Structures are given as structure tokens and as C-alpha cells.
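Enquirer: Got a predicted model here, sequence first, then my questions.
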Amino acid sequence: MNYRSNKNAITGGDYGCKWKELNSHFRLTAIPKPWPVPKGEQDMSDQRYQRGKRIGWLSSLLLLLVCLAAPAVQAQTRLIVRDSLGLPGLNLTCLLTGCKVVTGLGDPNGQLFLVTFPPVLNPVTALLRLNIQAGIISVELDQNVNMHEAYTVGVPSYLTDQAPTPYYGSTVWHGYLAQPANLIVRGDQTHSRFRVAGNGVTVAVIDTGVDPNHPVLKSVLVKGYDFTSNTSGGSENGDVPTSSNNNQASTATVNQRTVAVLDQRSVAVLDGGPYSAFGHGTMTAGIVHLVAPQARIMPLKAFHADGSGFNSDILRAIYYAVGNGARVMNMSFDFSNYSGELARAIRYANSKGVITVASAGNDGLRTVVYPAGLPGVIDVASTSNSDIQSSFTNYGAPPVWMAAPGEGVMTTYPWGTYAAGWGTSFSTPLVAGTAALMMGENGGCSSYSVPIGLSYSHYIGDLDMGFGRLDTFQAVQACQVLP
């Protein structure tokens, strides 16, 4: 799930540089500050935050002005509001200004809320009204995010390799384990050499939800949540009014980024329209499981089956993940406009020792997208199975920290079947799964050391791909010597 991105000058002040000299094969001179900031540097960090806050507010205002230039659409104005007086203060503010408090967004201070204004009120007026009220710290537009995908290239031969193979308590298709992506990052070799499988680590997957009944995944799923409908669970199965008869299944393209093994009736239902992103969350979860088969997976549904979602639901998912014990967060999505509250949520997650991993995007551009471009986030680009930069991937270091295979990655798909996907969405969980191995039983890495360990990658001679292509073996091996 990746979203169209535009280079944004906002990042110049708040982004900083993610790089430092971590190993001998890749050197840049700038020093990053994405992880714990030394006390003496806190004032400068605070200044950058305040500057980012002002710029974020102006960005929201400009975005609203652009929206007003388009044909009028009768819709509520959705705003993300931080109020130092909490819910009582914001309720009073809404009584004075005509807004409605929809829900809290889960920040630990109880200050962050989703607020709506009726469609009759000009959105710019709504934003300005709130900004002058007592207790209001920040106001920004609740961005609506929509999918822009990579493209499939044929049907991989391993997708039809259905030979039953035991794998950490379940039975999987042989092609899932024998696929090039797993061999390239040396997943199986890492498991056997270091006796690591991610045990003791929970990976939060913020996505379209996960199929809770998939035979490969159901034993490792923990309680999740559906923020699109405010219900417990995090399943994506209810989004589609059908299921697949796998006895009549064959390979078929279900959207421009995915080839799945399904019956033709299901393919006809899923072909475009409101289900263009269905299965995406189950696919990313399956890749995490491939790399870290004993890690727990927390499904957090922040996106609909058509690939659309709101920033407010992403924020709720981040705070939920941190509050419920996630140690790694996979975010296979991106959007182009900076969000001060998204940056704040990521900082909070990092301060609690949570590793945040996000996709670089599929625009084929040298650009910055979010959350991947934020300090503290491991930004993952895509490479081919020949260690060449994928044609669709965004690139440029910084913000790209590293790359991972992202072409024809075989993984789980709803209804107990499998699919192959193309895009940075599928590179990202390879890195998230590796982070789980590094922090889990026998891994030996602290959260602070994980980004450094991941930098012990396979250098492919392409500076735009950061430290190079993921090598899970070398990353875990680095944990044996890192603090």
C-alpha cells in the first residue's frame, strides 16, 4: 500500500539526516538524530519541533486552500486537534465554535482528538477558529490517504509450488520458503545458525487488517483492532462479500501489484473498484512471519479495502501499538504531506523502544514521503532479485536507510491461499521481521542497536539504496557484538 508522494520543502528544517558512519562499506559525514538525543542537544531538537509545528500548520492551511480551489464537495471538515486542557477544554471550545469532538486519538497525555466541522463552514475558517481558542496547541487537517501501486511482472514459478512443508508449527507451501527473496536475505540460514525466530517480540502491522483464520498466521496473531469501524480484532475478511474455493484455484492478477492463487469468481469480485487493496495486510503479515516465524503479529486495521484511510486512524494505531506491547511497527504505506502529529507519534514510539519501519513509496522518484522520511523511521526501498534498484521504488539516501527485495515476493493471502506482490510495501516487512529476530530470544540487540545492525547489509554499489540490500544473517550477527 503506497501513496503518491511529492517532494516537500517542509522537510528541510525538521527532517535532519539519518546517516552516520556505521560500518566500513558505506560512509556519509552527516550525523543522524533519529534515536535517543543527547541531553545537550535537546534545545535544538525542540526548536526543530516548533519549526516543524508551524510549518505543519501552514501546510494544512495551504492544503485546505488547494481543496477549496476544486469543485465544492459536501463533506465534513476533519481536523486533528491537540488541546492542553484535554477533553473538557475541547468540549467547551466546540460549544463556542460549532465543532464536534469525534474521538480521542490515544496519545498518553489525553490531549489529541479528531474534531469535525459541518460542511457549511469553510474549512479554512474552521482551522483558524480553533487556532485562536484557549488551550489549543496545534490543529492540522486529517489527511485522507489513497493508494498508488507498483506493477506486477508475470507469474513467478514458485507461486504454484504447493508442496506441503512444515514450518514452525504450521504447514506452508514450499514456494513460500524457497522463493528468491527468502534466499537472498538468508532467512533460513539465520534461523539455524543463531537459533533466532523472533520469540518474545510483537510486530504491529498497520494496514488493511489480517485474515485471522489463515492457517499459517492464526497461531501467531494477538488481539488487534479495527480503527475504521471501531471494533476489536483487526480482520480484513469482512470487507469482501465472498470467499475463495481453493479447490478450483489458479493464478490470476487481482490488482496491478498482486498475483494470487484464487478461483475465478473471487478474482472477478476483487478486480479493481472498492477492493483494490484487499489482502494487503495479510500479505505484509505473511512476510513478517516468513522472516520471524515465532514473533507475534498484532493486526491494526487503519485502511479500507479500497486502500483509503485517514491520518487520525494511523495515529490511533501507533499509540495502540505502543500501549499494547508492540516492539516493532510495520508501516507499508506513505503519504506526501508532512504531519506534525505523525512525527510526534513516531517520536513517542521510539522513546518507548519501538522500532518503526516504513516503505519508501512506489513513485520511482528521488523524494521524501511520510512516515518513512521522519527521524527515527527505517525507510525501506525495493530491489530486484538481482540486487538492482526496482524501477518503481522511490530512492535517495537520505531518507532511504536500506533496501530489500520487493519484486514477486510470495506471501500469505486471505482465504488460506498465497500471492506474490510487487512494491516497497513488501520490502518493508522483510526488514521489520529482521528487527524482530534481532530483538527476540537469542537475538541480543537492544532497540537502540537495531538500526545500526541493519546497516550491516549487502552493499550493492548504489548509494541511492542507502546501506544496501538487507542481509538478515549479517544483521543478526552484528547483534553479537553491538551493545
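Expert: Thanks, I have the structure now. Numbering: from 1, shown residues only.
Enquirer: Which stretches in the stretch 301-450 of the chain count as helices?
Expert: Chain-ordered helices for the stretch 301-450 of the chain, with DSSP state H, counting those that start in this stretch as the definition, fall at 311-323, 340-351, 424-439, 450-454.
Enquirer: okay, and for the stretch 151-300 of the chain, where does confidence drop off?
Expert: Along the stretch 151-300 of the chain, segments meeting pLDDT under 70 span 254-256, 272.
Enquirer: before we move on, the earlier item: quick one, which of the helices of the stretch 301-450 of the chain is nearest to residue 291?
Expert: helix 424-439 (2.8 Å; CB to CB). No exception for glycine: its C-beta is placed from N, CA and C like everyone else's.
Enquirer: CA atoms only: put the closest one into PDB for me.
Expert: What follows is helix 424-439, C-alpha atoms only, in PDB (Å, rounded to 0.1, in the frame of the first residue of the first chain):
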ATOM      1  CA  THR A 424       8.100  -1.300  -1.400                       C
ATOM      2  CA  SER A 425       5.100  -2.500   0.700                       C
ATOM      3  CA  PHE A 426       6.600  -6.000   0.500                       C
ATOM      4  CA  SER A 427      10.200  -4.900   1.100                       C
ATOM      5  CA  THR A 428       9.400  -3.300   4.300                       C
ATOM      6  CA  PRO A 429       8.100  -6.400   6.300                       C
ATOM      7  CA  LEU A 430      11.300  -8.200   5.400                       C
ATOM      8  CA  VAL A 431      13.200  -5.500   7.400                       C
ATOM      9  CA  ALA A 432      10.500  -5.400  10.200                       C
ATOM     10  CA  GLY A 433      10.800  -9.200  10.600                       C
ATOM     11  CA  THR A 434      14.600  -9.000  10.800                       C
ATOM     12  CA  ALA A 435      14.300  -6.400  13.500                       C
ATOM     13  CA  ALA A 436      12.100  -8.800  15.400                       C
ATOM     14  CA  LEU A 437      14.800 -11.500  15.100                       C
ATOM     15  CA  MET A 438      17.400  -9.100  16.400                       C
ATOM     16  CA  MET A 439      15.400  -8.100  19.500                       C
END
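Enquirer: Which stretches in the stretch 101-250 of the chain count as helices?
Expert: Counting by DSSP H, counting those that start in this stretch, the helices of the stretch 101-250 of the chain are 123-131, 174-178, 180-185, 187-194.
Enquirer: Which elements pack onto the first one?
Expert: The criterion is 3 or more CB pairs under 8 Å, 6 or more residues apart in numbering; DSSP states H and E, and the helices and strands that helix 123-131 contacts are helix 42-69, strand 77-83, helix 86-97, strand 112-117, strand 136-141.
Enquirer: try 6 Å this time
Expert: Other elements packing on helix 123-131 under the criterion 3 or more CB pairs under 6 Å, 6 or more residues apart in numbering; DSSP states H and E are strand 136-141.
Enquirer: Name the residues of the strand it packs on that come out as buried.
Expert: 136, 138, 139, 140, 141 (16 or more other CB atoms under 10 Å).
Enquirer: what about residue 235, distance to residue 372?
Expert: Separation of residue 235 from residue 372 (CB to CB, to the nearest Å): 26 Å.
Enquirer: So which of those two has more stuff around it?
Expert: Counted by other CB atoms under 10 Å, residue 235 and residue 372 do not tie: residue 372 has more neighbours, with 28 against 21.
Enquirer: returning to that earlier point: export the helices of the stretch 301-450 of the chain to CSV and tack on distance to residue 103, mean neighbour count and mean pLDDT?
Expert: Listed next are the helices of the stretch 301-450 of the chain as CSV, based on distance: least, CB to CB, whole Å; neighbours: other CB atoms under 10 Å; pLDDT from 0 to 100:
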stretch, distance to residue 103, mean neighbour count, mean pLDDT
helix 311-323, 8, 24, 98
helix 340-351, 14, 22, 98
helix 424-439, 27, 32, 98
helix 450-454, 32, 26, 98
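Enquirer: Mind checking these for the one nearest to residue 200?
Expert: helix 424-439 (7.9 Å).
Enquirer: need the contact list for residue 392.
Expert: 150, 362, 364 (CB atoms under 6 Å, 6 or more residues apart in numbering).
Enquirer: How about it, nearest residue that isn't a chain neighbour?
Expert: Nearest residue to residue 392, sequence neighbours excluded (CB to CB, 6 or more residues apart in numbering): residue 150, at 4.1 Å.
Enquirer: What's the local residue count around the one you found?
Expert: There are 26 residues near residue 150, going by other CB under 10 Å.
Enquirer: residues touching it, list them.
Expert: 257, 362, 392, 422, 423.
Enquirer: please redo it, this time with the cut-off set to 10 Å
Expert: 2, 256-258, 361-364, 382, 390-393, 406-407, 421-426 (CB atoms under 10 Å, 6 or more residues apart in numbering).
Enquirer: now do residue 346
Expert: Contacts of residue 346 by CB under 10 Å, 6+ apart are 34, 315, 318, 329, 331, 339, 354, 356, 358, 370-371, 374-377.
Enquirer: which two in those residues are spaced the farthest apart?
Expert: 34 and 315 (19.1 Å).
Enquirer: nearest residue to residue 423 other than its sequence neighbours?
Expert: Nearest residue to residue 423 in three dimensions, chain neighbours excluded: residue 150, at 3.8 Å (CB to CB, 6+ apart).
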